[in-house]
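J.: model this:
(2 chains)
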Amino acid sequence: MRVLESLWRALDERLDLAPLVNFATHKEVPQHRHSWAYYFGGLTLFFFFVQVATGILLLLYYRPTAEAAFESVQFIVTRVPFGWLIRSIHSWSANLMVLAAFAHMFSVYMLGSYAKPRELTWWSGFALLLLAMGFGFSGYLLPWNELAFFATRVGTDMVSKVPLVGGWLLKYLRGGEEVTGATLTRFFGFHVAVLPMITTALLAAHLAFIQRQGMHIPEGLEEEARQRKAIRFVPNFMMREGVVWLAGLAALAALAAFFPWELGAKADPFASAPAGIRPEWYFLFMFEALKLLPSHVLGIEGELVGLGVFALAGLVWFLVPVLDRGSRVGHRSRAFFVLGWLALAYILSFTLASLAGVFK
Amino acid sequence: MRNPPTLALTFALAASAALAAPPAGTVRAPGKHAEDTCSACHLALDDARLSTPAKLTDNDIHHQQGVTCAGCHGGDPTSEDADVAMDAKKGFRGNFSHQAIPEMCGSCHSDAAFMLRYAPNIPTDQLAQYRTSKHGQALAKGDTDVAVCTSCHGAHGVLPVSDARSPVYPTRIVDTCGRCHADAALMTRYGIKGDEIAEYKQSVHYATLVKKNDLSAPTCKSCHGAHGATPPGISSVSNVCGTCHLTQRERFDLSPHKDAFAALQQPACESCHGNHAILHPEDTWIGVGDKQVCGGCHSAGDPGATAAAAMSAALAGATTAIDTAEARVDRVRKAGMLMDDADVKLEGAHQSVVLAQVQIHTVDPARVGEQTKAALSDTAAAGKMAADAEAEIRYRRTGLFISLVVIAVAMVALILKVRSIER
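T.: Numbering: from 1, shown residues only, chains lettered A, B, ... in the order given. Model (predicted):
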């Protein structure tokens, strides 16, 4: 212990760490009936850490070329000791991370935590969700299996609908006219270099904003939070969050052991598309809605209209701290509250219906 | 048709009206766009019997190649006067008798030099073959109910054989033959049962043709010939089947059955497989029991029946082992294990069974046994992989259980600690 104390004193003397420790030990988390919502962000962060750790391990064996990608993943799951576990956890954790991020976002939205002065936190969080989806989209292709190959073809094809720059965007994403080994290589680059770099920076900012501003107390719960004793962040909240993280770890272990992530058949660019192509579940609500649209709406291509509507909805969602003027003075608009429930109902119903095969 | 007036002369006459003096001695078919009053008049006629041939000319391969109505029927297609156009003095032949058709078609189709200009790859021995066929022989004897060229190819609107609409295209030729050969009343006159088409349609060959759209699957003409249509004789059946089923034929030639069947004047392949209703062979056919094929010549206890029983048992053993191993591998696969290596082994086992089925034609249990042993070896290897995978699943689940216990203990410890410090 004496050694540790000496080390601490030496570091503090040089880096002036006492204010940070002081901040951490005095940081408190308010207690009220919706305190459960504070755990989703941390859970998302946990899955992100798992992704980084397992992703690095997968990198040791993965080879990002059309000729070797599938075989290298096959090698990982069959020959590398615990490779099956790492690959399965990486895939499951990716999905649970997006799920936790959605839960985090909707809880923040419903509790009105996006309101001033937390606009930057909301915007950075929104960008982080898009990045998570980008991770999912780029990572989906990496095993170079049949389903991923054709889903990527459909997914990237959608960007070609973007007016003016669609064709250029398509070529940029695919590295050519078609989904080929060039697409795989650049998706790999996005997945392991570009996206992690941006995500790390944004995540640091997101976490810094939260630490700087403290936890938001939802409108109408201020009195309850005042009456109940706040819990200390260190160590009480961290321990509680630790319980949640352990539950997440247990879920990952169970899913990986009982439902190892499938590898499927190697992609064959010359084969006809298999039946049942669909993207990852978190794109299904958009995918199915776009499929339901008629080929033309008011003379404009249906898919383009759909993508336009989603872009507009995304913009409204992003700008909600500005558009919901009442929230700035502590009285959030009922309309935006209802909008949140409608968005949640739409996403949930379309995703579940798609998974249940309603749209087949 | 060629003598007299020859088709060359007819063409030359017709062409001379439209074109300036053709070089002497050359055959000239009037060009497609040459003046042709035949179609113009016949299209305008109310009598469908006379107008239909004109309507069919657009798709007709001859017409497309520049052979107009006058190419076969003669006459002067440049004259608008019907009497002149269809003047016998101008070579007009009008309708052809049934018996005249093969010679008329053959006047061009047997002329290699002439056909070279239009279709260099087309054979020119159809007429010669036809004359040797049952159809040709009967026609020569004055039977006008037998098929001639137009019976199968059509008279007007003749399509190339490669055209899927042609009545002699592989997927349609069976029904074309069936127009006569499925007519039991007509066929009785020739000592033919008339159920051959119906039987063929139950066969594995027909299924391959129409379900898999495999145009290489045998149709009537593959075994009987097209123009020289005749039933294969007893000694030639294995030659006919052997053109596709080479290995089976080679194995059969090694077997004691070859000489025995020849001595008994029994057809080779047909004795066990049938002729038209050739079904997908089953291992259960081997033996002397009911619905088994060896009982016709062998009886229980004789060496042939004993060999059949040995081969049947070897095949059944291998097949059962493969089924069992496949089920086990599938179960493990459903539990999330990659079983590609086991699949390769099972594929190898299937291949060995196929080879064993080929070796049955030698009727030598030792040769069959070699292959079934190889199948059993591959199956055992696949089974071992499945067993290893099952052990791996148990290992993973045990590991999961232990880790879950550790996680649960850690969670409980944390909860208790939180409670104690928040008390």
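J.: going forward, measure contacts between C-alpha atoms and count neighbours the same way
T.: OK.
J.: nearest residue to B:Asp145 other than its sequence neighbours?
T.: Of all residues not flanking B:Asp145 in the chain, B:Leu139 sits nearest, at 8.0 Å (C-alpha to C-alpha, 6 or more residues apart in numbering or on different chains).
J.: three-state assignment of the one you found?
T.: helix (DSSP: H, G, I helix; E, B strand; the rest coil).
J.: OK, contacts around it?
T.: Shown in contact with B:Leu139 (C-alpha atoms under 8 Å, 6 or more residues apart in numbering or on different chains): B:Gln99, B:Asp145, B:Val146.
J.: what distance do you get for it to B:Gly191?
T.: 17 Å (C-alpha to C-alpha, to the nearest Å).
J.: any idea which residue of the stretch 251-360 of chain A lies closest to chain B?
T.: Closest to chain B within the stretch 251-360 of chain A is A:Pro260: 5.3 Å, counting by C-alpha to the nearest C-alpha.
J.: so where do the helices sit in the stretch 101-250 of chain A?
T.: Secondary structure of the stretch 101-250 of chain A by DSSP state H, counting those that start in this stretch: the helices cover A:119-141, A:146-159, A:166-174, A:181-189, A:195-213, A:222-227, A:238-258.
J.: got the buried residues for the last one?
T.: Put plainly, it is helix A:238-258. Neighbour counts over helix A:238-258 (16 or more other C-alpha atoms under 10 Å in any protein chain shown) mark A:238-257 as buried.
J.: now do the contacts for B:Ser238.
T.: B:Arg249, B:Pro267, B:Ala268, B:Cys269 are the contacts of B:Ser238 under C-alpha under 8 Å, 6+ apart.
J.: am I right that it is in a helix?
T.: Yes: with three-state DSSP as the criterion, B:Ser238 is part of a helix.
J.: hang on, the earlier thing: quick one: pLDDT of the residue of the stretch 251-360 of chain A closest to chain B?
T.: For A:Pro260, the pLDDT comes out at 87.
J.: swap in B:Asp175?
T.: pLDDT, B:Asp175: 94.
J.: measure it to A:Glu241 for me?
T.: 77 Å.
J.: and B:Thr188, by the same measure?
T.: Distance from B:Thr188 to A:Glu241, by C-alpha to C-alpha: 92 Å.
J.: what's next to stretch A:302-320, contact-wise?
T.: Counting by C-alpha under 8 Å, 6+ apart, A:114, A:122-123, A:126, A:158, A:161-162, A:286, A:289-291, A:293-297, A:323, A:336 sit against stretch A:302-320.
J.: run a quick neighbour tally on A:Ile300.
T.: Here the count is done by other C-alpha atoms under 10 Å in any protein chain shown, and A:Ile300 has 10 residues near it.
J.: do you know how far it is from B:Asn59?
T.: According to C-alpha to C-alpha, A:Ile300 and B:Asn59 sit 42 Å apart.
J.: which SS class is the closest residue in space to B:Met187 that isn't next to it in sequence?
T.: Leaving aside its sequence neighbours, B:Met187 sits nearest to B:Gly194 (C-alpha to C-alpha, 6+ apart; 5.6 Å). Under three-state DSSP, the three-state class of B:Gly194 is coil.
J.: B:Gly194 contacts B:Asp183, correct?
T.: Yes: contact status for B:Gly194 versus B:Asp183: in contact at 5.9 Å, counting by C-alpha atoms under 8 Å.
J.: could you check stretch A:335-351 and say which residues are buried?
T.: Residues of stretch A:335-351 classed as buried: A:Phe336, A:Gly340, A:Ile347, A:Phe350, A:Thr351 (neighbour count, 16+ other C-alpha under 10 Å).
J.: quick one: average pLDDT of that stretch?
T.: Average pLDDT, stretch A:335-351: 95.
J.: got it, and stretch B:242-257?
T.: Averaged across stretch B:242-257, pLDDT comes to 91.
J.: quick one: contacts of that stretch?
T.: Stretch B:242-257 has contacts (C-alpha under 8 Å, 6+ apart) with B:Ser238, B:Asn239, B:Cys241, B:Lys258, B:Val358, B:Gln359, B:His361, B:Thr362, B:Val363, B:Asp364.
J.: enumerate every residue touching the second one.
T.: Taking C-alpha under 8 Å, 6+ apart as the contact definition, B:Asn239 lies against B:Arg249.
J.: residues from the stretch 151-300 of chain A in reach of chain B?
T.: A:236, A:239-240, A:242-243, A:246-247, A:249-250, A:253-254, A:257-262 (C-alpha under 8 Å from any C-alpha of the partner chain).
J.: if you set the cut-off to 6 Å instead, what comes out?
T.: Within the stretch 151-300 of chain A, the positions near chain B by C-alpha under 6 Å from any C-alpha of the partner chain are A:Asn236, A:Val243, A:Ala250, A:Pro260.
J.: thought the second one was touching B:Met411?
T.: Yes: in this structure, A:Val243 sits in contact with B:Met411. The criterion is C-alpha atoms under 6 Å, and the distance is 5.2 Å.
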